[in-house]
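> Prediction below, plus the sequence it came from.
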Amino acid sequence: MRRWAGKLGFALLVALILFYTLFPFYWAVVSSLKSGADLFLVEAWPRAPAWGNYTAVFQDQPFGRNILNSVFVAGAVVLVSLALAASAAFALARVSFRGRGLLLGTLLCVSMFPQVAVLSGLFELIRALGLYNNLLGLVLSYLIFTLPFTIWVLTAFLRELPLELEEAAAMDGATPFVTLTRIFLPLMAPAMVTTGLLAFIAAWNEFLFALTLTLTNEMRTVPVAIAMITGSSRYELPWGLIMAASVIVTVPLVLLVLVFQRRLVAGLTAGAVKG
Amino acid sequence: MVTPRTAWLFLAPALLVLALVAGWPLGRTIFFSLTDARLDALEEWRFAGLSNYAFLLTDPDWWGAVRVTLVFAVVSVSIETMLGLVIALTLNARMRGRGLVRAAMLVPWAIPTVVSAQMWAWMLHDQHGVVNAALMGMGVIAQPLAWTAEPGLALAAVIAVDVWKSTPFMALLMLAALQLVPNELYEAAKVDGLGPVGTFFRITLPLIWPALLVAILFRTMDALRVFDLMYVLTGNSRATASMSVHARQLLVDFQDVGYGSAAATMVALVVALVAVALVTLGRLRLSPAGRA
C-alpha cells in the first residue's frame, strides 16, 4: 500500500514538472489557432481551429525573409566559429606552451561578458566596415559569444584523446596541419556537431545586437521580428499572430532537441562542469 | 611534435577575430565613456574626463537599474537552483521515458527568450490572460491583475518567466552531476542507516557541490546581463529596467554615447566583481564541503 502511494506521488510529481514545462507551448498553439474574438475565450481547445494567423504572419510582414535571415546568420556563424575554433582548440589542447592557462581563462571571461559593454564600440566598427543593417555585420558580431565557448568545449573534448595519436602522426612525418585535418578533425566530428548546434541556437536566439545593428524590416532576424509585431501601442496587440510566429520558430527547435537531446546535454555539461 | 610557435599560428585566426570584434569595441566603449560623443555624430566628441561616471553615481535611474538587476539575479537564481535540484532529484530516479522528459525540459532553454517573453506576456495578459482566469477560477484573486504593467508585480512576473525558462537548464546540469555519484555510496548509506535527508546532505550534496557551484556561477552571470526578457515583457519601464536595458536606452534611444558607454562599462565592472566574489567564496566553501 505504501509502495503504491509512493509510486503515485512520484508519477504526479513528474506530471507536474511536465505540465509546468510544456503548458506555455500548448497555450501558444491553442491561441495561434483562434481568430477574432475567440482569442479572448479561455478554453482548452479552440472550437473552430483556424489557420488564418499562420498565413497572415507571412503576409503582414516579411516573416519568411526574417526566417531566411536567421538561418543564414546562424548557419554562417556556426561554420566560421567551428573552423576557427577547431584550429585554436587543437593548439590549446594538444600543445603545452606558456600562457595557455591564462588564454583559456580569458576566453571563459569573454564568454560571460555582458554584451552591452561592447555595444557602442561595435556599432562604430560595424558602421565603419559598411556593414550596418547588413547580415554580415551580425555574423561578425555574433562571433564574440560563439567563438569563446566553441573553443572551450572543443578543447575539453580534444584533451581526452590519447597522446599516441600525435606520436604516430609524427612518426609518419605528418605536418601539424595534416595532423589536425587528417587525424583530429574526423575524430572531432561528434563534438563539432554538438558545439555547432549550441552555437546555432545561441546565434538564432540573439536579440540585442540584432535589434541594434539592423534597421529595416527586411534585414531583421526572427527574434527582432517577433518582438516588433508588438508595435508601439501596448493595446490591441495581434496576439494570435504573435503566437503563430512563436509556434513557427519553436517547432524546428523542438525537433532538433528531440533528435539531439543526449548530445546537447553532453555538450552543455562539458562546457560547464569542466569550466 | 607541434612546437609552441606553431601552436600560436593555429591560434592566430581565432585570436585576431576576437581582438577585432571583442577587444577593439570594448576599448572603444571605454574610450567613449570618457567623452561626450553622440550616436548621430560619433566623430565630433570632446574629452569629458570622468564626468560621465561622476554623473552616473548620482543618477537615481542608474541605481534603480542596479537594484532591479541584483534583485532579479539573486531571487531568480535562488529559485532556479532549489527548483532545479528538486526536479533533478526526481528525474534521477529510474523510470521509463526519461529521455523524453529530458527533451521536454530542453525546449524552454532552446527557444529564443523573445519567444518565451511573448508567450508569457499573452498568458499574463490583464484582460484575457489564462493565468488570471485560472487564479480567479480557483478563488485566489478576486479580480484580474495587471502583471506586467503594475510596478509592484512586474519584477515578480519577469522573475517568474526567467524561472520557467532557466530552471530546466539548471536541472539538467545537476542531473548530469547526480548521475556521476556512484551507486555504492547510496548502498553504504542505507547499510549505515542514514535516512533520505541524511543521505542527501552528507552524500549527494557534497558530491555535486562543485557542479552546482559552476551552474550557479553561469546562471548568475547570465542573469546580471539580462536584456531581452525585460525589453520584450515590460519595455523600458523603470520598475523592471535592468542595467543592460538602461545602458542601451541611454546609448540608442537617447543617443548619448558618452553617458551610455559609461553605464555599459559599469555593467561590465559589476559583472566582473560578482564573478570574482562568487569564485572566491566558492573556493572557501568548497573545502569544508569536502570534509562533510
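Okay, I see it.
> Domain-wise, how is chain A divided?
A:2-40, A:57-273 (automatic domain parsing).
> Which stretch among those domains approaches chain B most closely?
domain A:57-273 (3.1 Å; Cβ to the nearest Cβ). Any C-beta I mention is one placed from the backbone N, CA and C, and that applies to glycine too.
> can you tell me which residues contact the most centrally placed residue in chain A?
The centroid of chain A falls nearest to A:I201 when counting by Cα atoms, centre = their mean (1.2 Å). Neighbouring residues of A:I201 by Cβ atoms under 8 Å, 6 or more residues apart in numbering or on different chains: A:253, A:256, B:110.
> and it, what are its phi and psi?
phi -60, psi -40 (degrees, to the nearest 10).
> And the pLDDT at it?
Model confidence at A:I201, given as pLDDT, is 91.
> Of the domains of chain A, which stretch is the most buried?
Ranked by mean neighbour count, the domains of chain A are led by domain A:57-273 with a mean of 19 (mean count of other Cβ atoms under 10 Å in any protein chain shown).
> Mind telling me what element the closest residue in space to A:Y54 that isn't next to it in sequence is part of?
The shortest distance from A:Y54 to any non-neighbouring residue, by Cβ to Cβ, 6 or more residues apart in numbering or on different chains, is to A:A244 (4.9 Å). Secondary structure assignment for A:A244, by DSSP states H and E: helix A:239-273.
> on that earlier part again, tell me which of the domains of chain A sits nearest to B:A149.
Ranking the domains of chain A by proximity to B:A149 (Cβ to Cβ) places domain A:57-273 first, at 7.8 Å.
> The residue nearest to the centre of chain A and A:A86: what is the separation?
Distance, A:I201 to A:A86, by Cβ to Cβ, to the nearest Å: 19 Å.
> Which strand or helix spans the most centrally placed residue in chain B?
Taking Cα atoms, centre = their mean, the centroid of chain B lies closest to B:A223, which sits 2.0 Å from it. Assigned by DSSP H and E, B:A223 belongs to helix B:205-224.
> So for that helix, what gets flagged as buried?
B:206-209, B:211-224 (16 or more other Cβ atoms under 10 Å in any protein chain shown).
> looking at this, A:N133 is in a helix?
No. Counting by DSSP: H, G, I helix; E, B strand; the rest coil, A:N133 falls outside a helix, being coil.
> Contacts only, for it.
With contact set as Cβ under 8 Å, 6+ apart, A:N133 has these partners: A:213-216, A:219.
> any idea of the pLDDT on B:A292?
Note on B:A292: pLDDT of 25.
> Let me see the ranges of the helices in the stretch 51-200 of chain B.
Assigned by DSSP state H, counting those that start in this stretch, the stretch 51-200 of chain B shows helices spanning B:51-57, B:60-92, B:98-110, B:113-123, B:130-137, B:151-178, B:183-191, B:196-199.
> Deepest-packed of those helices, please.
Mean neighbour count (mean count of other Cβ under 10 Å) peaks for helix B:113-123 among the helices of the stretch 51-200 of chain B, with a mean of 25.
> Can you tell me what sits against it?
With Cβ under 8 Å, 6+ apart as the criterion, helix B:113-123 contacts A:24-25, A:27-28, A:31, A:205, A:207, A:223-224, A:226-227, A:230, A:239, A:242-243, A:246, A:249-250, B:108, B:129-131, B:148, B:157, B:160-161, B:164-165, B:228-229, B:232-233.
> Give me the distance from it to the chain's centre.
Put simply, helix B:113-123 sits 17 Å off its chain's centre (Cα atoms, centre = their mean, to the nearest Å).
> what inclination does it have with respect to helix A:239-273?
Orientation check (axes from the mean of the first three to the mean of the last three Cα atoms, to 10 degrees): helix B:113-123 against helix A:239-273 gives 130 degrees.
> Might you list the low-confidence residue ranges for the stretch 151-292 of chain B?
In the predicted model, the stretch 151-292 of chain B carries pLDDT under 70 at residues B:283-292.
> quick check: longest helix of chain B.
helix B:257-291 (DSSP state H).
> So which bits of it are buried?
B:257-268, B:270-272, B:274-275, B:282.
> Which residue ranges of the stretch 1-150 of chain A form helices?
Using DSSP H, counting those that start in this stretch, the helices of the stretch 1-150 of chain A run over A:2-32, A:52-60, A:63-94, A:100-111, A:119-128, A:135-159.
> Redo these as JSON lines? Include mean pLDDT.
Shown next, in JSON lines, are the helices of the stretch 1-150 of chain A (pLDDT from 0 to 100):
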{"stretch": "helix A:2-32", "mean pLDDT": "89"}
{"stretch": "helix A:52-60", "mean pLDDT": "87"}
{"stretch": "helix A:63-94", "mean pLDDT": "95"}
{"stretch": "helix A:100-111", "mean pLDDT": "86"}
{"stretch": "helix A:119-128", "mean pLDDT": "94"}
{"stretch": "helix A:135-159", "mean pLDDT": "92"}
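> quick revisit: out of the contacts of A:I201, who's nearest A:D60?
So of the contacts of A:I201, ranked by how close each gets to A:D60 (Cβ to Cβ), first place is A:L253, at 23.1 Å.
> roughly how far apart are that closest one and B:V276?
Distance from A:L253 to B:V276, by Cβ to Cβ: 35 Å.
> List the buried residues of stretch B:14-23.
Those would be B:14-15, B:17-18, B:21-23, for stretch B:14-23 by 16+ other Cβ under 10 Å.
> among these, which are in helices?
Counting by DSSP H, the buried residues of stretch B:14-23 place B:14-15, B:17-18 in helices.
> Show me what whichever helix or strand B:S244 is part of is packed up against.
Element membership for B:S244 (DSSP H and E) is helix B:243-248. If you count contacts as 3 or more Cβ pairs under 8 Å, 6 or more residues apart in numbering or on different chains; DSSP states H and E, helix B:243-248 packs onto helix A:208-213, helix B:60-92, helix B:228-234, helix B:257-291.
> which residues touch it?
Residues from elsewhere that reach helix B:243-248 (Cβ under 8 Å, 6+ apart): A:114-116, A:119, A:208, A:212, B:61-62, B:65-66, B:69, B:224-227, B:230-231, B:236, B:260, B:263-264, B:266-267, B:270.
> Give the closest residue to A:Q61 in space, chain neighbours not counted.
Spatial nearest neighbour of A:Q61, excluding adjacent residues (Cβ to Cβ, 6+ apart): A:N217 at 6.1 Å.
> That neighbour and B:N92: what is the separation?
Using Cβ to Cβ, we find A:N217 at a distance of 47 Å from B:N92.
> again, but for A:I229
According to Cβ to Cβ, A:I229 and B:N92 sit 41 Å apart.
> cool, and A:L119?
Separation of A:L119 from B:N92 (Cβ to Cβ): 41 Å.
> how about the ones in helices among the buried residues of stretch B:14-23, which pair is most distant?
The span of these, defined through Cβ to Cβ, is set by B:L15 and B:V17 at 7.4 Å.
> what's next to stretch A:119-127, contact-wise?
A:132, A:137, A:140-141, A:208-209, A:212-213, B:20-21, B:24-29, B:31-32, B:39, B:42, B:247-248, B:251, B:257, B:260-261, B:264.
> what's the answer for stretch A:13-32, then?
Under Cβ under 8 Å, 6+ apart, the answer for stretch A:13-32 is A:39, A:43-46, A:53-54, A:239-240, A:243-244, A:246-247, A:250, B:87, B:90-91, B:95, B:101, B:104-105, B:107-108, B:116, B:119-120, B:122-123, B:130, B:164, B:168.
> How far off centre is stretch A:58-76?
15 Å.
> Alpha carbons of that stretch, in PDB - could you do that?
The C-alpha coordinates for stretch A:58-76 follow below in PDB (Å, rounded to 0.1, in the frame of the first residue of the first chain):
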ATOM      1  CA  PHE A  58       3.700  35.800 -43.700                       C
ATOM      2  CA  GLN A  59       1.600  38.500 -45.400                       C
ATOM      3  CA  ASP A  60       1.600  41.300 -42.900                       C
ATOM      4  CA  GLN A  61       5.400  41.400 -42.600                       C
ATOM      5  CA  PRO A  62       8.400  39.800 -44.400                       C
ATOM      6  CA  PHE A  63       8.400  36.900 -41.900                       C
ATOM      7  CA  GLY A  64       9.600  34.400 -44.500                       C
ATOM      8  CA  ARG A  65      12.500  36.700 -45.200                       C
ATOM      9  CA  ASN A  66      13.200  37.000 -41.500                       C
ATOM     10  CA  ILE A  67      13.400  33.300 -41.100                       C
ATOM     11  CA  LEU A  68      15.900  33.000 -44.100                       C
ATOM     12  CA  ASN A  69      17.900  35.800 -42.500                       C
ATOM     13  CA  SER A  70      18.100  33.900 -39.200                       C
ATOM     14  CA  VAL A  71      19.100  30.700 -41.000                       C
ATOM     15  CA  PHE A  72      21.800  32.500 -43.000                       C
ATOM     16  CA  VAL A  73      23.200  34.300 -40.000                       C
ATOM     17  CA  ALA A  74      23.200  31.300 -37.600                       C
ATOM     18  CA  GLY A  75      24.500  29.000 -40.300                       C
ATOM     19  CA  ALA A  76      27.400  31.300 -41.200                       C
END
